[in-house]
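# how does the following fold in three dimensions:
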Amino acid sequence: MAGGLVALLDDIAALAKLASASLDDVAGASAKAGSKAVGVVIDDTAVTPRYLTGLSPARELPIIWKIALGSLRNKLLFLLPAALILSAFAPWAITPILMAGGAYLCFEGAEKIIEAVSGTHHGEEACEISDPKQLEDRQVAGAIRTDLILSGEIMAIALAELAGQTILNQAVALALVGLAITAGVYGLVALIVKMDDIGLSLARRSGAAVQGLGRALVAGMPVVLKALSIIGTAAMLWVGGQIIVHGLHDFHLTPIPGWIEHAAEGARHALPAIGGVASWVTNAALSAVFGILIGGAIAGLLHLKPSKH
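Next up, the predicted model:
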């Protein structure tokens, strides 16, 4: 009996050790996978505030909450199972799907540039909406659609870092990455869009320094939001362009990826003091140019169709 009890305790200790090791693996894999997706996270943060343009300030936080819930739904209910299934049964399909998503981002970015240059609106934005509820629903739907593409890229990048993990560890790690990134992105977006309210509150308090900071926040936020809108458009173009460029490289269609890589390496060697930054900026800029060409071509084809409005 004593021997059996000792054996049982040994088995329990071994299981506990195995469980602990699995948790360590999941935590480490989640951190590594999340760190690889930081670039797309920044793009996601820059893109989202533009969907709040023209809406009531009182509705900003509820709208961000709706978009955040939609983002979680995208990641956990759709993208996570799809990523695991594709990884297990059809890994060849991941790259074409990501490239299609990248093309959509390029199209969205090109549309914004066309609208800014021409002063006209195309597609669903051509319909004037006077009902605030309809406008809010349309903006939320648009933000969640764009989030689906960016979240798909985040989950794909994260999944690539989990290749050596079991299917269970992959699922848990992807879920943790999705939760952490969603909380971080939309928490930061909420802080950005309410910064002017924080400034007003500070401006009403006592103390010249605090009041000065508050007034500076109020005065500076329109500039920040305008800059974020521009960054958001640029982000869609460079992320979309990079997705397509990476896909072309995976399919061994190397001229364009090779040119961009060569130019980035040239910038690194030309500016050794800031080689990494110069290489990244060159890569992002050329990917954005490629994204404009792809997005502009798609927009041109779609606008050949007569408008229904």
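# what about the helices in this protein?
In the chain, the helices defined using DSSP state H lie at 2-36, 38-47, 60-72, 80-89, 94-118, 132-160, 167-193, 195-203, 208-250, 255-270, 275-303.
# quick check: mean pLDDT of the second one?
Helix 38-47 carries an average pLDDT of 58.
# what of the fourth one?
For helix 80-89, the per-residue pLDDT values average out at 86.
# in it, what's buried?
80, 83-84, 86-87 (16 or more other Cβ atoms under 10 Å). Where you see a C-beta, it was placed from the backbone N, CA and C, and this is true even at glycine.
# over to stretch 154-173?
Neighbour counts over stretch 154-173 (16+ other Cβ under 10 Å) mark 154-159, 161-162, 165, 169-173 as buried.
# same question for stretch 90-108.
94-95, 97-99, 101-108.
# go on, stretch 107-114?
Applying 16+ other Cβ under 10 Å to stretch 107-114 flags 107-114 as buried.
# so where's this protein shaky on pLDDT?
Applying pLDDT under 70 to the chain flags residues 1-55, 120-130, 160-161, 163, 305-309.
# neighbours of the closest residue in space to Met99 that isn't next to it in sequence, how many?
Distances taken as Cβ to Cβ, 6 or more residues apart in numbering place Gly247 nearest to Met99, at 3.9 Å, with adjacent residues excluded. By other Cβ atoms under 10 Å, 20 other residues sit near Gly247.
# is it true that Gly247 touches Leu98?
Yes. When contacts are counted by Cβ atoms under 8 Å, Gly247 is listed as touching Leu98 (6.3 Å).
# stretch 138-151: how far from the chain's middle?
10 Å (Cα atoms, centre = their mean, to the nearest Å).
# my bad, stretch 139-153
Counting by Cα atoms, centre = their mean, stretch 139-153 comes out at 8 Å from the chain centroid.
# and it, what's buried?
For stretch 139-153, by 16+ other Cβ under 10 Å, it's 139-140, 142-144, 146-153.
# now swap in stretch 212-222 and tell me
Those buried within stretch 212-222 under the rule 16+ other Cβ under 10 Å are 213-214, 217-218, 221.
# can you list the neighbours in contact with that stretch?
Applying Cβ atoms under 8 Å, 6 or more residues apart in numbering, the contact partners of stretch 212-222 are 195-196, 198-205.
# which among these gets closest to Ala267?
The shortest approach to Ala267 among the contacts of stretch 212-222 belongs to Met195, at 34.2 Å (Cβ to Cβ).
# quick check: the closest one touching Leu228?
No. Using Cβ under 8 Å, Met195 makes no contact with Leu228, being 11.1 Å away.
# those two - which one has more neighbours?
The neighbour comparison of Met195 against Leu228 (other Cβ under 10 Å) goes to Leu228, with 20 against 16.
# distance of the more buried one from Ala234?
In this view, Leu228 and Ala234 are 10 Å apart by Cβ to Cβ, to the nearest Å.
# one step back: distance to Gly258 for the buried residues of stretch 212-222 - can I get that in JSON lines?
Formatted as JSON lines, these follow (distance: Cβ to Cβ, whole Å):
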{"residue": "Leu213", "distance to Gly258": "49"}
{"residue": "Gly214", "distance to Gly258": "52"}
{"residue": "Leu217", "distance to Gly258": "46"}
{"residue": "Val218", "distance to Gly258": "49"}
{"residue": "Met221", "distance to Gly258": "43"}
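# which residues sit against stretch 278-291?
Under the contact criterion Cβ under 8 Å, 6+ apart, stretch 278-291 has outside partners 102, 105-106, 109-110, 234, 236-242, 244-245, 256, 259-261, 263-268, 270-271.
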